[in-house]
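**Student:** this one's sequence-less:
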């Protein structure tokens, strides 16, 4: 597949290589040794990429300008006047990036629209149907058509003479290039992903990165993080509460005090709180709970890993702990071997990998993380290590499970490029609900998964709205690390921790349970959407502009998104009882009342807090399961297929054991659901012998 040619017209030679179908790489000068792609060990899914339509570019590859200056490397990519840009990782403060100066730099606290974020990516996509990835771990700035360049060979441009201060400083989106500033670089690699549309460009990027993530099916259920200082008996009591009240729950997370030291980490069970760790793990497993352990990567002097890693760590400490050199294979092996033998082989199903981003760069007083001038034995410096640290950390943990043929679903606070194949969801310490929704939408542009958390709330309505959004995201997560009781029993932190429950706590609990049951009903649909992510590269959660790139009304919609092939989510926030929803072309049905709406226009909709603010595309066969309290390898789903309107398109369900990688060897089934002549039909094909899905009923909706 690798073919190369030399581009002329550059001060230095630039080589263009065909990396995979529709993916070209420009190599200029002497690229850095450590880049995001240098750490990508997943192989492209070439067959799936070959099946895609041709990804023609709206410009010639030679029109991308690259130059070396005293400052570093500058890349300029052509940009038309009517082009809109998206991406740069898990962006919070902006959506359409056209006209902005973006700095996708890792930071523990995202800042406005500049680009500092938990998951920065030097990758963007265009409504013209292509993607550009600058393969660097350096702190890089993109001028997204924000500045016009002097035309030295032609007539001077007109304009000037601003008449007001607001006009003087207004955003300028009229530049004809995306100019990329990479200080200190001696060379660069630029990956160009063809479309032919924005969704295809993203799919091609994901397939090139090894395909999308396929989490364990239990990871798509509900996760609850228990209070940090709970002991084994308290966690067991919490687990019993869930089962006794039939509240769906798959995963319980243990926060920092499960170990003897947390800042930095010992990775040793705290026997005061967990006197019999194995007995505790076994009892939780017997009740169908998966355990997830909080940690970070900074190794305490009290840890058994300290002496082993002392010579394979950076030259600066964090919380008096070592920073393992995850770019060094020996350090990775030491860290992974300990976690495998101490935790994974004993039944721990996943980890929450915290604080692997950076201390807040916006404040001089925020200095807890290692500095950019740090040096590591592998030769990587602190700046580049910051950009890739979360990726290398989670990859170290993920590979343990992959080697054991166990699927997992991890939590991490930082990622970057080429990570779509890893079953890991991002989270943040921020708590703005509207930002949470925008992060779901933006995550789909870059092979990322994002999970909003539900903690305390200012009102019952707010709690319900936050829970709706969590149900409609990559992971339904309640984070009660500082709460004695679940937030639905008391929304106020102080009263919760003084055991003063709401007077109507059981009513609120029942309403929350309705939403969680809806999540469990959606599991077969969501699981199959993740299968599309794995095999086709289609993000399970994505912006409307990806599915409707010709509809300019979608270009700035950052509070609605598609889930799977046919479901549109429009979450509400705060005390809102209504919101405006734009529905693209075609007819749509309200998920709850089945009211039909004509697309191509906006509506003011009202939504109950115990329902889901979702619309279904006409022609959809939607499989909904009878809710289960947990999802495991032996769980069977009784499904009703809802047929929305006439002229339906076949739907596909992905069926396998849900917990191993046997599907990579063809051990799975595809169920094709179709509807004709007033009857539903099921065609099951594949090598997986058990039947997880029972299609029990069909319901036609006019």
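**Tutor:** Now that the structure is in, tell me what you want to look at. Not measured: the values here are computed from a predicted model.
**Student:** the spatially most central residue of the chain: what's it in contact with?
**Tutor:** The residue lying closest to the centre of the chain (C-alpha atoms, centre = their mean) is residue 449, at 1.3 Å. Neighbour list for residue 449: 213, 424, 425, 426, 443, 474, 475, 541 [criterion: C-beta atoms under 8 Å, 6 or more residues apart in numbering]. For glycine as for every other residue, the C-beta is placed from the backbone atoms N, C-alpha and C.
**Student:** excluding its backbone neighbours, what's nearest residue 40?
**Tutor:** residue 418 (4.0 Å; C-beta to C-beta, 6 or more residues apart in numbering).
**Student:** ignore what I typed, I meant residue 357.
**Tutor:** Residue 357 sits nearest to residue 414 (C-beta to C-beta, 6+ apart), 4.0 Å away.
**Student:** quick check: that neighbour touching residue 389?
**Tutor:** Yes. Counting by C-beta atoms under 8 Å, residue 414 touches residue 389, with 6.4 Å between them.
**Student:** are there residues contacting both of those two? Which ones?
**Tutor:** Between them, residue 414 and residue 389 share the contacting residues 106, 356, 357, judged by C-beta under 8 Å, 6+ apart.
**Student:** is the first one in a bridge, and if so with what?
**Tutor:** This means residue 106. Judged by DSSP bridges, the bridge partners of residue 106 are residue 117.
**Student:** got any ranges where the chain has weak pLDDT?
**Tutor:** 1-12, 152-163, 165-173 (pLDDT under 70).
**Student:** buried ones in stretch 239-249?
**Tutor:** Within stretch 239-249, the residues scored as buried using 16 or more other C-beta atoms under 10 Å are 239, 242, 247, 248, 249.
**Student:** so how far is residue 85 from the first one?
**Tutor:** Between residue 239 and residue 85 the distance, using C-beta to C-beta, to the nearest Å, works out to 46 Å.
**Student:** thinking again about what came up before, so the residue nearest to residue 40 sits in a helix?
**Tutor:** No. Using DSSP: H, G, I helix; E, B strand; the rest coil, the secondary structure at residue 418 is coil, not a helix.
**Student:** surely it is in contact with residue 36?
**Tutor:** Yes. When contacts are counted by C-beta under 8 Å, residue 418 is listed as touching residue 36 (5.6 Å).
**Student:** which residues are common contacts for these two?
**Tutor:** When contacts are counted by C-beta under 8 Å, 6+ apart, residue 418 and residue 36 are jointly contacted by residue 391.
**Student:** can you report how many residues lie near residue 211?
**Tutor:** 23 (other C-beta atoms under 10 Å).
**Student:** and it, how far is that from residue 641?
**Tutor:** Residue 211 is 27 Å from residue 641, by C-beta to C-beta.
**Student:** ok, residue 592 next?
**Tutor:** In terms of C-beta to C-beta, residue 592 sits 17 Å off from residue 641.
**Student:** what about the two, which has more around it?
**Tutor:** Using other C-beta under 10 Å, the more surrounded residue of residue 592 and residue 641 is residue 641, with 23 against 15.
**Student:** so which strand or helix has the more buried one?
**Tutor:** Assigned by DSSP states H and E, residue 641 belongs to strand 637-644.
**Student:** adjacent strands (with direction) for the following helix or strand past that strand?
**Tutor:** Using DSSP H and E, the helix or strand that follows strand 637-644 in sequence is strand 651-655. Strand 651-655 pairs in its sheet with strand 669-676 (antiparallel), by DSSP bridges.
**Student:** tell me the contacts of residue 669?
**Tutor:** 654, 655, 656, 684, 685, 686, 687, 688.
**Student:** the first one contacts residue 531, correct?
**Tutor:** Which is residue 654. Yes. Residue 654 is within contact range of residue 531, at 3.5 Å (criterion: C-beta under 8 Å).
**Student:** re the thing from before, of the contacts of residue 449, just say which sits nearest to residue 260.
**Tutor:** Relative to residue 260, the closest of those is residue 424; by C-beta to C-beta it sits at 26.1 Å.
**Student:** neighbours of the closest residue to that closest one other than its chain neighbours, how many?
**Tutor:** Ranked by C-beta to C-beta, 6+ apart and with sequence neighbours excluded, the top spatial neighbour of residue 424 is residue 410, at 4.1 Å. For residue 410, the neighbour count with other C-beta under 10 Å is 22.
**Student:** strands of the stretch 251-400 of the chain, start to end?
**Tutor:** Listed in chain order, the strands of the stretch 251-400 of the chain (DSSP state E, counting those that start in this stretch) span 251-254, 290-295, 350-353.
**Student:** pipe these into CSV and attach mean neighbour count and distance to residue 694 per row.
**Tutor:** Formatted as CSV, those follow (neighbours: other C-beta atoms under 10 Å; distance: least, C-beta to C-beta, whole Å):
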stretch, mean neighbour count, distance to residue 694
strand 251-254, 24, 25
strand 290-295, 22, 24
strand 350-353, 25, 29
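**Student:** how about a markdown table for those strands, with distance to residue 264 added?
**Tutor:** Formatted as a markdown table, those follow (distance: least, C-beta to C-beta, whole Å):
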| stretch | distance to residue 264 |
| --- | --- |
| strand 251-254 | 18 |
| strand 290-295 | 10 |
| strand 350-353 | 14 |
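**Student:** for this protein, what spans make up the helices?
**Tutor:** 46-50, 165-168, 198-208, 232-244, 277-286, 306-309, 329-342, 382-403, 433-443, 460-471, 493-497, 505-521, 523-536, 544-547 (DSSP state H).
**Student:** looking at those helices, which is buried most?
**Tutor:** Among these, the stretch with the highest mean neighbour count (mean count of other C-beta atoms under 10 Å) is helix 198-208, at a mean of 27.
**Student:** distance from the chain centre to it, please.
**Tutor:** The gap between where helix 198-208 is centred and where its chain is centred comes out at 15 Å by C-alpha atoms, centre = their mean, to the nearest Å.
**Student:** just checking, what packs against that helix?
**Tutor:** Secondary-structure packing of helix 198-208 (3 or more C-beta pairs under 8 Å, 6 or more residues apart in numbering; DSSP states H and E): strand 14-20, helix 46-50, strand 120-126, strand 130-134, strand 187-194, helix 523-536, helix 544-547.
**Student:** between these, which one is nearest to residue 148?
**Tutor:** strand 120-126 (18.8 Å).
**Student:** what's the closest one packed up against?
**Tutor:** So strand 120-126, by 3+ C-beta pairs under 8 Å, 6+ apart, packs with strand 85-89, strand 130-134, strand 141-144, helix 198-208.
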